[in-house]
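Peer 1: quick check, what structure comes out for this input:
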Amino acid sequence: MVIMKIRLYGTSYLNMYQNKVYIKHLHKAFKKYGVNNPISRLSNYKYFSILEKVERQIARDFGSEDACIFSSGYIASVCLKNYFVKKAKKNIFYNSSYHPAWFDNSMKNINYLNTENKDFIISNSLNSFFGIKENYLEMIDKFEKIAIDVSHTAYIWNHKNEANNKILFFGSLNKAPAFPAGFIAGSKEDIKDIKKFAEYTTSTPPSIAFAKVFLQMVDIRIRQLEKLKYNMRIVDQAWNINRNDPFPIYNIGLENKSLYEKFKYKGFEISYMPYPYIYSKKYLRIILNSGLTFKNLEELVQLIISHKLIYCNN
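Peer 2: Okay, here's the model as predicted:
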C-alpha cells in the first residue's frame, strides 16, 4: 500500500500553491491575460497598469513610500546590488547569511554591529534555515542605507512598523504568497532611481495573470496566515516553547537518516538537506504550512513526543 506523504518541507508557508480559490482565480486569469508576459516595460502594454497596482499594494504592505516588482527575487537582488554599487561612497557590507546574488568584490564581510562606517549594508530579516531573527534594526544609525531580504518573512511577519526611508525591503514573492516575482520597497527617491536600471526597464516583468490574482488574494492570505499561526502554536506547545517572531521551521537533528526514515514511514516527508553548501552536513527540519489538518498535527505531535525529539533552533 502506498502511503500518501504529508509535506513538511519547502517554502510554501501559506500553502497557496494548493489553495483551491487561488487556483480557480489563476485559471480564470490565464484565460484572459495568458500564462506569461513576453513584453518588456519599454513597450506600451495596456495591462501594465495591473503591475503598477501591485507595486502600490506592496508599498502599502511594507509601510514604504514606493515599490517596484521584477520577474524574480534574484533579478530584484541583482538590481539592488547594482544600485548600491553605483551609490556607495565606500563599501557595501553584508552579514554572514547574504544571498549569493550579492557576492561581489566590491563588498566586504565584516561584523556590522561594531562598525562605524556609514555606508550601505545587506542583511536578512532572519536566518531562514534556523529561524533566527537578524537584529538589523540596531543598524539604522550606523549606515546610510540598509537592504533587508524578507523573502522568507514576506506576508508572514508584519514589517510595516519597521519601515524607514533608510530601509529597503526586497526579496522573492514566490514563497508565502506564491507569486513568481521579486520586489524592492523603499523611499520614492530610491525606487525612482532603481526603476532606471536595465534589470527593471528591459527585463520581462512578472506574469500579468499572477499579478492580478495577487491583488485578489489579500483576504485569502490573511486567513492562511491565521491557519499557519495556529499550526505553529500547536507544535510549539508540544515542545513547550514560546518564541518571539515565530517562524515555521523546527530543526530536529543533524545527519540523522534513520530519523528521516521514521518520519517517512509514518507518512511525513520532512526536509533533509545540506546547509549552507551542497557538500555540508545534512540538517533534519520540520517546516509547517497552512495546509496541515488537525489530524495531521495530532499525528505530528505524537511523533514528536514518542521519539522525544529535541527542538534545536539555535
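Peer 1: could you use CA atoms for every contact and neighbour count after this?
Peer 2: Noted.
Peer 1: which stretches of the stretch 51-200 of the chain form strands?
Peer 2: Ranges of strands in the stretch 51-200 of the chain, per DSSP state E, counting those that start in this stretch, are 66-70, 92-94, 107-109, 120-124, 126-127, 132-133, 145-149, 167-172, 182-186.
Peer 1: pLDDT value on Lys310, please?
Peer 2: Residue 310: Ile, not Lys. Ile310 carries a pLDDT value of 87.
Peer 1: what sits against it?
Peer 2: 239, 252-253 (Cα atoms under 8 Å, 6 or more residues apart in numbering).
Peer 1: just to revisit the earlier point, out of the strands of the stretch 51-200 of the chain, which gets nearest to Lys192?
Peer 2: strand 66-70 (8.5 Å; Cα to Cα).
Peer 1: pull out the buried positions in the host helix or strand of Ala238.
Peer 2: Using DSSP states H and E, Ala238 falls within helix 218-239. Buried residues in helix 218-239, counted by 16 or more other Cα atoms under 10 Å: 220-221, 224-225, 227-229, 231-236, 239.
Peer 1: ok, residues contacting that helix?
Peer 2: 13-16, 155-156, 177, 242, 246-248, 288-292, 297, 301, 304-305, 310-311.
Peer 1: do stretch 73-81 as well
Peer 2: Contacts for stretch 73-81 (Cα under 8 Å, 6+ apart): 69-70, 101-102, 151, 170-173, 181-184, 194, 197, 199-200.
Peer 1: only the buried subset of those, as a PyMOL command please.
Peer 2: Entered in PyMOL, the line below selects the buried ones among the contacts of stretch 73-81, by 16+ other Cα under 10 Å:
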select buried, resi 69+70+102+151+170+171+172+173+181+182+183+184+194+199+200
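Peer 1: quick check: pLDDT value at the residue lying closest to Leu215 once chain neighbours are set aside.
Peer 2: In this structure, Leu215 finds its nearest non-sequential neighbour in Val54, 6.6 Å apart by Cα to Cα, 6 or more residues apart in numbering. If you check Val54, the pLDDT there is 98.
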